[in-house]
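# Below are the sequence and a predicted model for it; my questions follow.
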Amino acid sequence: MPKGIWITFEGVEGTGKSTQIDRLASRMRDLGRPLTLTREPGGTELGRGLRELLLRPTDIPMDPLAELLLYAADRAQHLRQVVIPALERGDLVLCDRYLDATLAYQGFGRKLGVDLVLDLHRREPLDMRPGRTVLLDLDPALALGRARSRNVGAGLDETEGRFEQERLEFHRRVRQGYLELASEEPGRFRVVDAEGTEEVVELRIIDVLKDLLGPERSNARPSGAG
């Protein structure tokens, strides 16, 4: 059995997942915790090519089934090359998105249905599940505004802005999908309010992870605090 701990972060665009993962990773490094920080899509060399295909805006819509299969291909390589070896080493694995993103975005958002997604993920290694999933929850209208502003500011709107171009109704379906998934697996999911300062949200996350990471971590100040 893997010796490590695997935590995934989920949420609609603009909820601050990447920021919060980086803050938690910094905290864990300061504590000397063996750590693997990764993401989907794009956690491997193959995945980086797939990420460009999946996230770059295009004039020709991608077929939802093709989109689903590209995510599954990225995930299979990612698990074999990054996640499984890290868990076997005993690392704390922090992953920006995993299967729940595919269920929410392709299953609910694209209306492919969760059964199709889950059927594809019954085969090894895609049948693996994380020990804990942090769902950063925020009103999609606010989150989407944040995401679009971020992309423009970082120059990502032409390279990784395909989902941010989707209509608000799409993102509402994605959020509802996430909340339904969380309600079905309360033992794995922790839903965290993503509204507030980075420091406030960070402490909320530490609180819901203290059973995995140790209670002493939950009493620490936000990362970067003086």
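Great, that's in hand. Numbers count the residues shown, from 1 in each chain.
# so how far is R173 from the spatially closest residue to A72 that is not a sequence neighbour?
Taking CB to CB, 6 or more residues apart in numbering as the measure, A72 lies nearest to L120, with 5.5 Å between them; neighbours along the chain are not counted. All C-beta atoms are positioned from the backbone trio N, CA, C, and that covers glycine. Taking CB to CB, to the nearest Å as the criterion, L120 is separated from R173 by 20 Å.
# Compare the two and say which is more crowded by neighbours.
Shown here are L120 and R173; by other CB atoms under 10 Å, R173 has more neighbours (21 against 17).
# Return the distance of stretch 89-101 from the chain's centre.
When C-alpha coordinates are averaged (CA atoms, centre = their mean, to the nearest Å), stretch 89-101 and its chain have centres 8 Å apart.
# tell me the helices in this protein, going along the chain?
Read by DSSP state H, the chain holds these helices, from start to end of the chain: 17-30, 45-55, 64-78, 84-89, 99-102, 114-120, 140-154, 168-184, 198-213, 215-218.
# quick one: Q77 and T159, what's the gap?
According to CB to CB, Q77 and T159 sit 21 Å apart.
# Pick out whichever of those two has more residues nearby.
The neighbour count for Q77 versus T159, taken as other CB under 10 Å, is higher for Q77 (18 against 14).
# before we move on, the earlier item: can the helices of the chain go into CSV with extra columns for distance to R39 and mean pLDDT?
Output for these, formatted as CSV (distance: least, CB to CB, whole Å; pLDDT from 0 to 100):
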stretch, distance to R39, mean pLDDT
helix 17-30, 8, 96
helix 45-55, 8, 96
helix 64-78, 9, 98
helix 84-89, 13, 98
helix 99-102, 10, 98
helix 114-120, 19, 98
helix 140-154, 16, 86
helix 168-184, 17, 97
helix 198-213, 17, 96
helix 215-218, 22, 47
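# Just name the most buried of those helices.
Among the helices of the chain, helix 99-102 has the highest mean neighbour count (mean count of other CB atoms under 10 Å), at a mean of 25.
# Does anything pack onto that helix? Which helices or strands?
Contacts defined by 3 or more CB pairs under 8 Å, 6 or more residues apart in numbering; DSSP states H and E place helix 99-102 against strand 5-10, helix 64-78.
# Out of these, flag the one nearest R204.
Distance to R204, taken as CB to CB, is lowest for strand 5-10 among the helices and strands packed on helix 99-102, at 12.7 Å.
# gap between the residue most central in space within the chain and L209?
Against the mean C-alpha coordinate of the chain, by CA atoms, centre = their mean, the closest residue is R97 at 2.1 Å. Taking CB to CB as the measure, R97 and L209 are separated by 17 Å.
# Need phi/psi at R97.
Dihedral angles phi and psi of R97 (degrees, to the nearest 10) take the values phi 80, psi 150.
# Can you get me a residue count around the nearest residue to it once chain neighbours are set aside?
Counting by CB to CB, 6+ apart, E40 is the residue found nearest to R97 once chain neighbours are left out, at 4.6 Å. Other residues near E40 come to 25 when the count uses other CB under 10 Å.
# Next up, the contacts around E40.
G47, Y71, D74, R75, H78, C95, D96, R97, Y98, A101 (CB atoms under 8 Å, 6 or more residues apart in numbering).
# residues in contact with the fourth one?
Counting by CB under 8 Å, 6+ apart, R75 makes contact with E40, Y98, L99, T102, L126.
# Verify the stated contact: the last one with L79.
Same thing as L126. Yes: with the criterion set as CB atoms under 8 Å, L126 and L79 qualify as a contacting pair; they are 7.1 Å apart.
# Pairing partners for L37 in the sheet, please.
Under the criterion DSSP bridges, L37 forms beta bridges with L94.
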